[in-house]
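Peer 1: output the structure for:
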Amino acid sequence: MMRKFLKPPKLPASADFGVLILRVGISVLMLTHGYAKLKGFLSGDHSFADPIGIGEELSYILTICAEFGCSILLVLGLFTRAALIPLIFTMLVVALIVHGEDPFSKKEHAISFLIVYLTLFFTGPGKYSVDSNLYK
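Peer 2: Model prediction:
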């Protein structure tokens, strides 16, 4: 069942290029956020929001893992669908909880990432990915 979940669907050649650009492009953008958080955490600053009540430090670590670690997996196209789940969850938390009471303009950034992550979840990583070679 896990193999079926991770196996990318076949896409037309032009769609494979589009998915590659989308996957790498959005990951590079998110990496900038994750890297900044990672640097802050490694410098000893462990203060962070606790929007879902699991503690500041654990929230920080999970956010770094999603924004930095999962974005690297996404660039490679490795375990793409599995890597998208924490990213989707993180963007849902940011849009609906962290900025839940804020105007739409504050939520828009997270929603933009969320839309791309959901699209990639349904299309898969495309032909130009590690997953494509792993699950032939």
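Peer 1: show me the longest helix that occurs in the protein.
Peer 2: Selection of the longest helix in the chain by residue count, based on DSSP state H, yields helix 13-42.
Peer 1: which elements pack onto it?
Peer 2: Judged by 3 or more Cβ pairs under 8 Å, 6 or more residues apart in numbering; DSSP states H and E, helix 13-42 is in contact with helix 56-64, helix 71-76, helix 104-123. (Glycine included, C-beta is placed from N, CA and C.)
Peer 1: where does the prediction get shaky in the chain?
Peer 2: Judged by pLDDT under 70, the chain has its weakly predicted residues at 136.
Peer 1: SS state for the residue most central in space within it?
Peer 2: In the chain, the residue lying closest to the centroid (Cα atoms, centre = their mean) is Leu87, at 3.2 Å. Leu87 falls in the helix class when you classify it by DSSP: H, G, I helix; E, B strand; the rest coil.
Peer 1: with the one 4 residues further on instead?
Peer 2: Look at Met91: counting by three-state DSSP, its state is helix.
Peer 1: wait, what's in contact with the residue lying closest to it once chain neighbours are set aside?
Peer 2: In this structure, Met91 finds its nearest non-sequential neighbour in Leu114, 4.0 Å apart by Cβ to Cβ, 6 or more residues apart in numbering. Residues near Leu114 by Cβ atoms under 8 Å, 6 or more residues apart in numbering: Ile88, Met91, Leu92, Ala95.
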